[in-house]
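Undergrad: Here is my input; please provide its structure:
(one chain, ligands or ions: 1)
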Amino acid sequence: MKGTLIQCEGVVLRYVNYGEADRIVSVLTASWGIKKGFARSARNSRKRFGPALEPFTQAMFHWRQGRGDLWTLQEADLITPRGGLRTDLDRLALAGYGVELVELLAAEAEDHQRIYELLCSYLDYLDGNGDPAVARLLFELRLVYLLGYIPHLLHCSECLKIFDNEPVRFDFRRGGSLCLECAGANDLEVGLGSIGSLARSLRISHQQFEGFKLGNTTLREAGMLLAQVLRQILPREPNSLKFLARLSARES
Ligand SMILES: [Zn+2]
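TA: Numbering: from 1, shown residues only. Next comes the predicted model:
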């Protein structure tokens, strides 16, 4: 029995080679989240798939629905290959990190379309020489938000007091920001300015990365805050995180 032929836009997360010439490709699709596609003779027939099966590539994929989870990829029409990512190690590492976060967390998503749009915009921004630190912060923040995990930011998670020019602590396990009276001794210290920047960034479309100016303090503090949130929600530490840490150690 031949399955139905359907098409859906997607971005390649990664692939594994299979047998002599075949390839199994993980694709984040706008409609169904992550889908695995079996691409027969992908390594021999460049004509059928071209560069469309490389990581970070966005394409219109033609699938033949199978009985199980693994569908067959029939063809792909290239939308954007994002070749710029392969010319810069920092951006390539961040692209890999974004893809890994999506792989680890996409199963929890209810809104595949917006996660898909977020990943595409993030990769486009990195591909177009965007600021790596801004890209990472906005991507982490929005992914957490789209998955429904956003912590309390501008008020205390315990007593609900709205912050007014005062020191703030953060503990995601207790809901997010905490005032000094409610905070424990080991909670993360975060400036209200950094928390305000995160809250403001969430009011802007998840697809917009251009035009953000974030200071070093905000990048550092908000980065630590998001790292704490991600440690709680990820099933394991992303492998790409170690590589990113090595890259930033090299720079400083
Ligand atoms: Zn409080």
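
Undergrad: Next, give phi and psi for the most centrally placed residue in the chain.
TA: Closest to where the C-alpha atoms of the chain average out (C-alpha atoms, centre = their mean) is residue 98, at 3.7 Å. Main-chain torsions, residue 98, degrees, to the nearest 10: phi -60, psi -40.

Undergrad: Contacts only, for it.
TA: Going by C-beta atoms under 8 Å, 6 or more residues apart in numbering, residue 98 touches 119, 122-123, 139. In this view, the C-beta of every residue, glycine as well, is placed from N, C-alpha and C.

Undergrad: Most widely separated two among those?
TA: 123 and 139 (9.4 Å; C-beta to C-beta).

Undergrad: Number of residues surrounding residue 180?
TA: By the criterion of other C-beta atoms under 10 Å, residue 180 has 11 neighbours.

Undergrad: Hmm, residue 166 and it touching each other?
TA: Yes. At 7.2 Å, residue 180 and residue 166 qualify as touching, with contact defined as C-beta atoms under 8 Å.

Undergrad: how far is stretch 134-150 from where the chain is centred?
TA: Distance, stretch centre to chain centre, for stretch 134-150: 8 Å (C-alpha atoms, centre = their mean, to the nearest Å).

Undergrad: ditto for stretch 93-112
TA: Worked out by C-alpha atoms, centre = their mean, stretch 93-112 lies 5 Å from the chain centre.

Undergrad: buried sites along that stretch?
TA: 93-102, 104-106, 109, 112 (16 or more other C-beta atoms under 10 Å).

Undergrad: Among those, which are located in helices?
TA: Counting by DSSP state H, the part of those found in helices is 93-102, 104-105, 112.

Undergrad: possible to save the residues you listed as JSON lines with pLDDT?
TA: Shown next, in JSON lines, are these (pLDDT from 0 to 100):
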{"residue": "93", "pLDDT": "96"}
{"residue": "94", "pLDDT": "97"}
{"residue": "95", "pLDDT": "97"}
{"residue": "96", "pLDDT": "97"}
{"residue": "97", "pLDDT": "98"}
{"residue": "98", "pLDDT": "98"}
{"residue": "99", "pLDDT": "97"}
{"residue": "100", "pLDDT": "97"}
{"residue": "101", "pLDDT": "97"}
{"residue": "102", "pLDDT": "97"}
{"residue": "104", "pLDDT": "96"}
{"residue": "105", "pLDDT": "95"}
{"residue": "112", "pLDDT": "92"}
